[in-house]
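*Asks:* when you get a sec, could you give me coordinates for this:
(one chain, ligands or ions: 1)
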Amino acid sequence: MKRWMVLGLGMALLAAACSSSGDAGIVVKDPWGRTSPKVATAAAFYMILEGGDTTDHLIGADADVCGTVEIHQTIMTDGVMKMQPAEGGIEIPAGGAAVLEPGGYHVMCINKTVELKAGDVIPLTLEFENAPSQTVNAEIREN
Ligand SMILES: [Cu+2]
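*Replies:* Down below sits the predicted model:
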């Protein structure tokens with residue numbers, strides 16, 4: 001009896017998650033990250049964020065396997081590639097898309113606690129300035 005109630009609750013939560021992501025207007029495509037050993041304390045995640053009817057911003061993120069998550073941009077300073085927090089987040093233009101890719105914008109996982117192996121699926125919760133948060137599954141790949 002108890003088992004059925006737990007299962008029912010899980011399905012209700014799943015249904016709620018699906019309908020809230022539908023309302024967001026922002027479509028998250030192909031979230032992924034690279035394999036990384038446990039000793040590496042940081043890792044980056046990439047994806048494409050397709051905008052809805054209004055311009056929005058990716059302003060934060062969260063993942064259980066990371067101590068903190070920051071939104072970063074990569075910049076060239078005197079020929080050296082550095083990364084820093086993206087001021088104001090990453091703009092997701094209405095009807096357009098924001099591309100998070102190696103060498104550019106990324107979601108930075110800091111104080112990572114686990115090894116990321118090819119085929120692993122890491123739930124990432126994305127926070128937007130206006131749209132409701134969305135949790136997506138980032139796929140871990142060799143490259
Ligand atoms: Cu970074």
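*Asks:* just checking, what packs against the longest strand belonging to the chain?
*Replies:* Longest strand in the chain by number of residues, with DSSP state E as the criterion: strand 66-77. Here strand 66-77 touches strand 56-62, strand 80-85, strand 106-112, going by 3 or more Cβ pairs under 8 Å, 6 or more residues apart in numbering; DSSP states H and E. The way it works is simple: take the backbone N, C-alpha and C, and place the C-beta from them, glycine included.
*Asks:* that one vs the ion: in contact?
*Replies:* Yes. Counting by Cβ under 5 Å from the ion, the ion is contacted by strand 66-77 at His72.
*Asks:* between that strand and strand 106-112, how big is the angle?
*Replies:* Between strand 66-77 and strand 106-112, the angle formed by their directions is 130 degrees, by axes from the mean of the first three to the mean of the last three Cα atoms, to 10 degrees.
*Asks:* so what's the residue count around Ile75?
*Replies:* Neighbour count for Ile75, taken as other Cβ atoms under 10 Å: 12.
*Asks:* from one end of stretch 81-98 to the other, what's the distance?
*Replies:* 21 Å (Cα to Cα, to the nearest Å).
*Asks:* residues contacting it, please?
*Replies:* 26, 48-60, 70-76, 100, 103, 105-106, 108, 128-129 (Cβ atoms under 8 Å, 6 or more residues apart in numbering).
*Asks:* pull out the buried members of these.
*Replies:* Using 16 or more other Cβ atoms under 10 Å as the burial test, those include 26, 49-52, 56-58, 60, 70-74, 100, 105-106, 108, 128 as buried.
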